[in-house]
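**Student:** Sequence and predicted structure, then a few things I'm wondering about:
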Amino acid sequence: MPPEQDLPLESLEKRLYGSQPQEQVSVPAYTPQQPKTPYGWQAPPPSLPPKKQMPWMVKFLIAAGAFLVIAGLVAAFMIFRGSRAISNNNVQITVPPVTGVASGDTVSLVITIHNGNPVALTDASFNADFPSGTRKADTDESYPQYNDVLGPVPAGADVTRTVQVKLFGQAGQTLTIPMKVQYHVTGSNALYQSQNQYAVTISSSPVSVQVQSIAQSPSGQAFTMTVIVRSNASASVDNLALTASYPSGFTVQSSNPSSSGTNFFDLGSLGPGEQKTLQIRGTLVGQNGDQRVFRFDAGSKNPDGTNTLGNTFAEGSASISITHPFLNVSLALNSSPDEPLIATPGDQVNALINWQNTLTSTLSNASMKVTLSGNALAAGSINGGTGFYRSTDSSVIFDSTTNQSLASLAAGQTGVGSFAFGVKSATALAGVQNPTVTLTVSVSGYQSTQGAAAQALSSTLTRTVKVGTVVAVSSSLTHAGGTGTVPPAAGAETTYTVTLTAKNTVNSVGAAKETFTLPSYVRFTGQADAGVTYNPDTHTVTWAAGDLASGSTATAHFQIGFTPSTSQSGTTPVLVNAQTFTGFDRFTQQQVTAQAPALTGELPGSVGSGTVH
């Protein structure tokens, strides 16, 4: 065990008080590098005050400010850099909107290509894909695509192209024309492309399709459907055709004109305002309550020669519900089963009602009540005929009191009744909108079956009469302001002013015009009102009266010159041949025609004024 070492104090004490001779104790000098070993308690150093913390709101504001400064610098850099960059977005294709585009009309598309890039475009080309059926305006050829080489387009420059096309479609249809520009830029082999789409809405169709049909048909009973295709265009519509989509259960018995493959009708050409009528007769078989829809599309024939449409211009449809009436009732008006019947102001309409018991059992107490209503029904004009007229509700009743057989109608038994009514006059219809007469047939009876109580049965049938307008046309001849003598003298010209008048009555008329010819010895001087034109090759004068409002009157004037021959001495030659007026009744969708007689040089109130001397 090692000897214990004395502590420094004990060692010092021994040296001071011990018996051994004392040794000289050397005390090393103090050096500042050797720290004193503290003995005992020392006072702590004074504490420093705590460091003040920055508020968090100030930190947030400083950070936000720094972010905004950095963002601004980045945005400025991007804007400056972007303004010098090549981008497809800087090449813009614009076309001013075109409104009121009728199907088949010529449309001028003004196409502008703007180069917003800082460098020129090289090898630039433009392409537009037109909708199916588009044609060239000048040659009427098919025009599926337009291509053009633009070449170099300087920075900031515009290139404009005008393309004239004929667009076809249905009224309300929006046609889309994709357009694109392809180009290079100097120093780059990359192919750039900018695209845009131009949309145009068809305002009207060159033709309209109207379908006239019954609303209900007993299963298996034959009926006739009428389809009217009319031209709304200002020029001839060529290569026109109609396709029919028949519902299941329908069988065609006949059609006029005949069709190709039962559902394709070649209509040829339609002149302005001209219409063609098709009649399709057949039977519809189905369950009671079934609804069947017939659809007809009119358009241009497919150029590939197939029995299909290349473009569809208009469509029409009719819905027929299949019924199985216990008492089959039909109502013919003026011997016509067509729906609606088109009458004229002041007409007398004769009605014939037929009935047949379709049950396999007897029908007792059968009755039919025909109620008449409408703004065109002439007051006090209803004649009950073989039925009973009840004035309290303007109805004609057929029952056992008017026809004894209706008390007990055997299975398959038929009967007939008649009545009549009148249509208001044109004067009474002045200001009346859409004049109509409605006939509602209510049918009732009781079915008797062995061992069971009689069962009440009922059904209804509706027929409509539409009143068409009447246009009265006239013409007159005057010498006021004219030259030459009256009566005319052989070898000398006398000029006259011709006045044409068209007076409309009930419904508005569209595409109104009047045509006639002048004799070869009469000269059209060229002095005429707007709308009056002359064809010297055919000697035909045409007055395009346009639209005639209900109750309106239109007039037109033009001048003719008559130089009689000696061979006409002592005669009163015709100077204006008979005039023919045509128009389109917008309410009844029917053609309106009228005639005015020929004119001679005989002036009103001056006997012999037209006789050549």
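**Tutor:** Happy to help now that I have it. Numbers count the residues shown, from 1 in each chain.
**Student:** How is this protein divided into domains?
**Tutor:** As assigned by automatic domain parsing, the chain contains the domains 88-204, 213-323, 327-467, 472-600.
**Student:** tell me the mean pLDDT over the first one?
**Tutor:** With pLDDT averaged residue by residue, domain 88-204 scores 88.
**Student:** Name whatever forms a beta bridge with Ser208.
**Tutor:** Taking DSSP bridges as the rule, Ser208 bridges to Arg230.
**Student:** Next, count neighbours for it.
**Tutor:** Ser208 has 20 neighbouring residues, counting by other C-beta atoms under 10 Å. (C-beta placed from N, C-alpha, C; glycine too.)
**Student:** OK, contacts around it?
**Tutor:** Shown in contact with Ser208 (C-beta atoms under 8 Å, 6 or more residues apart in numbering): Val229, Arg230, Asn232, Ala314, Gly316, Gln589.
**Student:** Just give the nearest non-adjacent residue to the last one, would you?
**Tutor:** It stands for Gln589. In space, and not counting its chain neighbours, Gln589 is closest to Gln210: 4.8 Å by C-beta to C-beta, 6 or more residues apart in numbering.
**Student:** Could you count how many residues lie near that neighbour?
**Tutor:** 18.
**Student:** before we move on, back to that, out of the contacts of Ser208, who's nearest Thr542?
**Tutor:** In terms of C-beta to C-beta, no member of those lies closer to Thr542 than Asn232, at 18.4 Å.
**Student:** before we move on, back to that, pretty sure the residue nearest to Gln589 contacts Gly316?
**Tutor:** Yes. Counting by C-beta atoms under 8 Å, Gly316 is a contact partner of Gln210 at 5.8 Å.
**Student:** Mutual contacts of these two, please.
**Tutor:** Residues touching both Gln210 and Gly316 by C-beta under 8 Å, 6+ apart: Val227.
**Student:** Would you state the helices of the stretch 101-250 of the chain in chain order?
**Tutor:** Applying DSSP state H, counting those that start in this stretch to the stretch 101-250 of the chain gives no helices.
**Student:** low-confidence ranges in the stretch 251-400 of the chain?
**Tutor:** Low-confidence segments of the stretch 251-400 of the chain (pLDDT under 70): 324-325.
**Student:** Show me the strands in the stretch 101-250 of the chain, by range?
**Tutor:** Using DSSP state E, counting those that start in this stretch, the strands of the stretch 101-250 of the chain run over residues 101-102, 106-115, 121-129, 135-136, 145-153, 158-166, 174-185, 192-204, 207-212, 216-218, 222-231, 237-245, 250-256.
**Student:** Between these, which one is closest to Thr323.
**Tutor:** With C-beta to C-beta, the closest approach to Thr323 among these belongs to strand 216-218: 4.9 Å.
**Student:** average pLDDT across the closest one?
**Tutor:** If you average the pLDDT over strand 216-218, you get 77.
**Student:** Could you list which residues are in contact with the residue nearest to Ser204 when sequence neighbours are not counted?
**Tutor:** Nearest residue to Ser204, sequence neighbours excluded (C-beta to C-beta, 6+ apart): Ala102, at 4.6 Å. Counting by C-beta under 8 Å, 6+ apart, Ala102 touches Ile202, Ser203, Ser204, Ser205, Pro206, Asn232, Ala233.
**Student:** Can you turn the buried part of those residues into a PyMOL selection?
**Tutor:** Buried residues within the contacts of Ala102, by 16 or more other C-beta atoms under 10 Å, are selected in PyMOL with:
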select buried, resi 202+204+205+206+232+233
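**Student:** What are the boundaries of the helices in the chain?
**Tutor:** Remark: helices assigned in the chain by DSSP state H are 8-17, 56-83.
**Student:** can you tell me which of those the model trusts least?
**Tutor:** Among the helices of the chain, helix 8-17 has the lowest mean pLDDT, at a mean of 58.
**Student:** hang on, the earlier thing: which of the contacts of Ser208 lies at the shortest distance from Tyr534?
**Tutor:** Lowest distance from Tyr534 to the contacts of Ser208 (C-beta to C-beta) belongs to Asn232, with 25.5 Å.
**Student:** Serialize the strands of the stretch 101-250 of the chain to a markdown table and add fields for distance to Leu409.
**Tutor:** Output for the strands of the stretch 101-250 of the chain, formatted as a markdown table (distance: least, C-beta to C-beta, whole Å):
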| stretch | distance to Leu409 |
| --- | --- |
| strand 101-102 | 56 |
| strand 106-115 | 64 |
| strand 121-129 | 67 |
| strand 135-136 | 62 |
| strand 145-153 | 70 |
| strand 158-166 | 62 |
| strand 174-185 | 57 |
| strand 192-204 | 52 |
| strand 207-212 | 31 |
| strand 216-218 | 17 |
| strand 222-231 | 23 |
| strand 237-245 | 38 |
| strand 250-256 | 29 |
